[in-house]
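>>> quick one, what's the 3D model for this:
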Amino acid sequence: MQDTAANQRARQWGQGIAIVAFVWSLLVGGEAFAQSTPTFSQDFRLWSPVFMTVKLPSSFLAYMEVQPRFADLDEDGHIDQLLLRPALGYQLTEHLSIWQGYGWVGNYNQKHTPPQSPFFDESRIYQQVLYKRKFDSFTITSRTRLEERWIEHVDGTAVRFRTMLRGQYPLPMAPEWALVASDEVFVHLNTVGARGPQAGFDQNRFFVGINRTFSKYVNLDVGYQNQLLNSRSIPNLANQMNHVILFQLFINL
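Numbers count the residues shown, from 1 in each chain. Coordinates of the predicted model:
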């Protein structure tokens, strides 16, 4: 029994070390890519979303997300985006749920050319499949989402696919704390107009941080997110990296 427990602890610590090593390699590789690309730009940002999920009768679920995002923190600092995302879900099994939602995105202080203004908004509807499973020593969450987007000053409907995988590993000595790592890939499925999204890779978001559980209803992520973006101004090239301090508050009722 003692050997088994020791092996389990060693395996758990090995998983934590592997996460840290992966993050380090990602950051070093991303920085090297930025230095080798003359058109590459970087920014320091802060995101502070709040997510609320409420269980309803008959296996239905309600969801609301409010997500302010701030940019240029190393200069003047200003709000960049505000996202509002309500949704209705249905719990198919213990681990699997499906969702239909709406998203409104306000874009502020944007670089622009006439007739586009510094502020423009976007409306979305989205379909989502969410899988979450808790094992003995970690929790896995997989989220796959399809978005139909209507962007101001862009003719037509932009369709975007995104998929996220998240792992959460509670610390054995303090189980209310956990190491968290996630990665989400975004891909445009179509090209929309002269000023709309272009089909192909859109962005990647990699997050690493810690999670603190305060109760069965409330927990918080704090950490670093690396956002790698592909602007259509240079096709087929990721040309912007945002370094994001991320505070995520989860409320489950």
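
>>> isn't residue 121 up against residue 84?
No. In this structure, residue 121 sits apart from residue 84 without contact. The criterion is C-beta atoms under 8 Å, and the distance is 10.5 Å. Quick note: C-beta positions are derived from backbone N, CA and C, even for glycine.

>>> mutual contacts of the two, please.
A shared contact of residue 121 and residue 84, defined by C-beta atoms under 8 Å, 6 or more residues apart in numbering, is any residue touching both; here these are residue 104.

>>> count the neighbours of residue 100 for me.
Under the neighbour criterion other C-beta atoms under 10 Å, residue 100 is assigned a count of 12.

>>> just the helices in the protein please.
All helices of the chain, identified by DSSP state H, fall at 2-36.

>>> quick one, strands of it?
Per DSSP state E, the chain has strands spanning 41-47, 50-55, 60-71, 78-91, 96-107, 120-134, 139-151, 158-171, 174-188, 200-213, 218-229, 240-252. These are given in chain order.

>>> save those as a markdown table, and put in mean pLDDT and distance to residue 194 too.
As requested, those are arranged in a markdown table below (pLDDT from 0 to 100; distance: least, C-beta to C-beta, whole Å):
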| stretch | mean pLDDT | distance to residue 194 |
| --- | --- | --- |
| strand 41-47 | 91 | 22 |
| strand 50-55 | 98 | 35 |
| strand 60-71 | 97 | 25 |
| strand 78-91 | 96 | 23 |
| strand 96-107 | 97 | 18 |
| strand 120-134 | 96 | 15 |
| strand 139-151 | 97 | 13 |
| strand 158-171 | 97 | 13 |
| strand 174-188 | 96 | 15 |
| strand 200-213 | 95 | 16 |
| strand 218-229 | 96 | 20 |
| strand 240-252 | 95 | 21 |
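
>>> which residues does residue 61 form beta bridges with?
Per DSSP bridges, residues listed as beta-bridge partners of residue 61: residue 55, residue 89.
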